[in-house]
Every structure is written in C-alpha cells, then in structure tokens.
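One predicted model, sequence on top.
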Amino acid sequence: MGKLTEILTLAQARSQALGRAYNGELTPQEAFDLLRLAPGARLVDVRTRAEQDWVGRVPGAVEIEWNQYPGGIRNPNFLAELQRQVDPEAAVLFLCRSGVRSVAAATAATEAGYANSYNILEGFEGDKDANGQRNNIGGWRHAGLPWMQG
C-alpha cells in the first residue's frame, strides 16, 4: 500500500468512526503529506481574515471565511466562493483554528457536491493547554508545518 492510499484509508476510518458525512479526518502531518502527494489537492483555510492576519497563514491555501469578522456571522457566500476557487473533483482539505469550523465547512462542501472533502484535525493552532493557550498541543503550527506570519 502506498503512502497516499494509507493516508486516505486512515482518514476515512476516522471519519466513519465519528459518523461524519465527509470523506475523512486528517492529522496536520497527513494533510501536508496529502497535499504533496496528490496533485490538485487544495487546502481551504476557513478562519477569519483577522485570524490569518494576526496568527498566521498557510502558504498556498485558499482563504474563505466560514464566519465573517467582526461579528462571527456565518459567511452566506461560503459555497459560492468555494465553487469559484476550487474544483469539485479535487481533494479539499479544510482547516480552521482548532478543527471545529472546518467540520462544518467539510460537511457543507460534501452536501454541495465536493465528494473528496476532508477535515484537518487539531486545526492551525490546536487545543488550549492547561494555561488556556494554544499552539502547545496539536495543530498545524505545533507540528512544524509551513506557515507564515500575516
């Protein structure tokens, strides 16, 4: 079994175990590896523009807010923006701060015809530690994957 097949099989098993409607649950490292191994795969960062500006960005990611800033109101144009920027046949990996909004985005994308939708577990910043701070437990940044400030 090749590395890509192994990643996809694990991701699908996690998704099924959680009863998710979309194709899979990826760790940050698996998501990064999938992006390298699958030409045409796209990472969609659903964090707010403020989060991307102040906390950091993933180079090459498609940026489409799930919730708008300020106010946190759901972006009514999310699916239209996704359809304009991402091929529905592509593997689409959704990323947010901690892996919650990306679940909703992957579900909505699947319902809209994106059959190869994946959630990135842990998100960009991971869970809060005992001191209530992020970036110490899990997440894209903590895994040492590519990112840039602002």
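Ah, there it is. Numbering: from 1, shown residues only.

Low-confidence stretches in the chain?
Within the chain, the stretches with pLDDT under 70 are 1, 150.

Going along the chain, name the strands of it.
24-26, 42-45, 62-63, 92-95, 117-120 (DSSP state E).

any idea which of those strands is most buried?
Each of those was scored by mean neighbour count; the highest is strand 117-120, a mean of 30, by mean count of other Cβ atoms under 10 Å. Where C-beta positions appear, they are placed from N, C-alpha and C, glycine not excepted.

Export the strands of the chain as a markdown table, with columns for distance to A11.
Putting the strands of the chain into a markdown table (distance: least, Cβ to Cβ, whole Å) gives the following:
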| stretch | distance to A11 |
| --- | --- |
| strand 24-26 | 3 |
| strand 42-45 | 14 |
| strand 62-63 | 19 |
| strand 92-95 | 10 |
| strand 117-120 | 6 |
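
Identify the residues contacting R57.
Counting by Cβ atoms under 8 Å, 6 or more residues apart in numbering, R57 makes contact with 45, 63, 147-150.

That one pairs with what?
Listed by DSSP bridges, the beta-bridge partners for R57 are M148.

Could you check how far it is from G2?
As judged by Cβ to Cβ, to the nearest Å, R57 and G2 stand 30 Å apart.

same check, this time on W140
Applying Cβ to Cβ, the value for W140 to G2 is 24 Å.

Counting neighbours, go ahead and name the busier of these two.
Neighbour count, other Cβ atoms under 10 Å: between W140 and G2, W140 has more, with 27 against 8.

residue contacts, that one?
Applying Cβ under 8 Å, 6+ apart to W140 gives the contacts 28, 31-32, 58, 95, 120, 122-125, 147.

Buried ones only from those, please, as a PyMOL command.
Of the contacts of W140, the buried ones go into a single PyMOL selection, burial set by 16 or more other Cβ atoms under 10 Å:
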select buried, resi 28+31+32+58+95+120+122+123+124+125
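
Can I get the contacts of W140 in CSV including distance to Y114?
Output for the contacts of W140, formatted as CSV (distance: Cβ to Cβ, whole Å):
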residue, distance to Y114
P28, 20
A31, 16
F32, 20
V58, 19
L95, 15
I120, 15
E122, 21
G123, 19
F124, 21
E125, 25
W147, 24
